[in-house]
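A.B. asks: Quick one, structure for this:
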Amino acid sequence: MLMFMRALPGRELRSSPNSPPAPVTRLSAHADQRRRILRAVGELVGERGYGDVTVELIVKRARVSFKTFYKHYPGKEECLLALCESAYDSSEATIRERLDAEPASWAEQVVLVLTALFELIAAEPVISRAVVVESPMVGPAHRQRYEQATRELVPLFRAGREFNARGDELPETIEETLAGSVFWSAYQRLIVGEAEQLPASLPVLLELILRTYLRQEEASRIARAGVDDRRPALV
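C.D. replies: Numbers count the residues shown, from 1 in each chain. As a prediction, this is how the structure comes out:
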């Protein structure tokens with residue numbers, strides 16, 4: 001899942017002052033319109049709530065015409081779903097890149113993934129609120145995509161069963177429950193405007209997850225040491 005948010009719409013890469021401007025083509029103009037529309041819907045839904053956002057507000061924020069908006073999306077519901085797809089897919093790609101770049105034990109992978117996820121959510125709290133808090137309530141397609149995103153954590157957590165002598169006896173749905181607790185933690189912080197506190201809340205959540213598979217003392221040590229060790233590299 002997440003990057004929530006280096007590659008989100010509107011987060012253009014910085015270029016060197018001496019770099020020549022990129023040529024404007026029909027394709028690049030189309031992509032720029034789409035980025036602006038998606039960022040606009042994310043900001044507005046995160047600020048106002050889905051019910052108080054109209055297509056008129058989106059086109060004004062994105063600085064596009066109604067014709068341009070409807071060329072890209074049939075309506076605001078589909079537009080918000082496209083934002084969620086972009087956020088979840090780019091987040092997942094970024095986290096996979098970090099995992100591939102840094103070989104780690106299973107427990108270290110859990111620390112890396114959740115640390116990155118929470119820092120990325122905290123980096124874009126308004127759009128994260130639109131995706132995590134508002135979108136799942138919009139309709140079945142949105143809810144299904146949200147649930148799919150939470151399930152992305154299940155295989156990672158399930159791999160921890162081999163470190164528990166009684167792993168085969170754990171409830172079949174324990175990994176789904178743990179994955180849900182990760183997103184619920186993000187939801188709680190986002191809904192009260194405290195997304196910046198997500199990284200600081202990680203040790204407790206990590207210990208909860210790790211001690212399902214490891215001894216309590218080991219889980220506590222890894223959770224607290226892992227977050228402290230990784231924070232500078234992920235800021």
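
A.B. asks: Going by C-alpha atoms from here, please, whenever you check contacts or count neighbours.
C.D. replies: Fine.

A.B. asks: other SSEs contacting the helix or strand that contains Phe157?
C.D. replies: If you go by DSSP states H and E, Phe157 is part of helix 154-158. With contacts taken as 3 or more CA pairs under 8 Å, 6 or more residues apart in numbering; DSSP states H and E, helix 154-158 sits against helix 106-123, helix 174-191.

A.B. asks: repeat that with 6 Å
C.D. replies: helix 174-191 (3 or more CA pairs under 6 Å, 6 or more residues apart in numbering; DSSP states H and E).

A.B. asks: how about the helix it packs on: buried residues?
C.D. replies: Of the residues in helix 174-191, 175-176, 178-183, 185-187, 189-191 count as buried by neighbour count, 16 or more other CA atoms under 10 Å.

A.B. asks: Repeat that for stretch 35-48.
C.D. replies: Neighbour-count burial for stretch 35-48, counted by 16+ other CA under 10 Å, picks out 35-47.

A.B. asks: low-scoring stretches of the protein, by residue?
C.D. replies: Judged by pLDDT under 70, the chain has its weakly predicted residues at 1-24, 26-27, 226-235.

A.B. asks: again, 80 this time
C.D. replies: 1-28, 102-103, 225-235 (pLDDT under 80).

A.B. asks: Okay, helices next: where are they in it?
C.D. replies: If DSSP state H is used as the criterion, the helices of the chain fall at 26-48, 55-62, 66-72, 76-101, 106-123, 125-128, 140-151, 154-158, 174-191, 202-210, 216-234.

A.B. asks: Pull the number of nearby residues for Glu194.
C.D. replies: When counting by other CA atoms under 10 Å, one arrives at 14 neighbours for Glu194.

A.B. asks: what phi and what psi does the backbone show at it?
C.D. replies: Main-chain dihedrals, Glu194, degrees, to the nearest 10: phi -120, psi 40.

A.B. asks: That one and Thr173: what is the separation?
C.D. replies: 29 Å (CA to CA, to the nearest Å).

A.B. asks: how far away is Ala149 from Arg224?
C.D. replies: 26 Å.

A.B. asks: neighbour count winner among these two?
C.D. replies: Ala149 (21 against 16).

A.B. asks: now that one: how far from Arg36?
C.D. replies: For Ala149, the distance to Arg36 - CA to CA - is 24 Å.

A.B. asks: Glu119 too?
C.D. replies: Distance of Glu119 to Arg36, given as CA to CA: 23 Å.

A.B. asks: picking that back up, export the helix holding Phe157 as PDB, just CAs?
C.D. replies: Presented in PDB, the C-alpha positions along helix 154-158 are these (Å, rounded to 0.1, in the frame of the first residue of the first chain):
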ATOM      1  CA  VAL A 154      -2.100 -10.100   5.700                       C
ATOM      2  CA  PRO A 155       0.600 -12.200   4.000                       C
ATOM      3  CA  LEU A 156       3.300 -10.200   5.800                       C
ATOM      4  CA  PHE A 157       1.800 -10.900   9.200                       C
ATOM      5  CA  ARG A 158       1.000 -14.500   8.400                       C
END
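
A.B. asks: Return the set of buried residues in it.
C.D. replies: Neighbour-count burial for helix 154-158 [16+ other CA under 10 Å]: 154, 156-158.

A.B. asks: Is Ala219 in contact with Ile209, as I believe?
C.D. replies: No - with contact defined as CA atoms under 6 Å, Ala219 does not reach Ile209; the gap is 8.3 Å.
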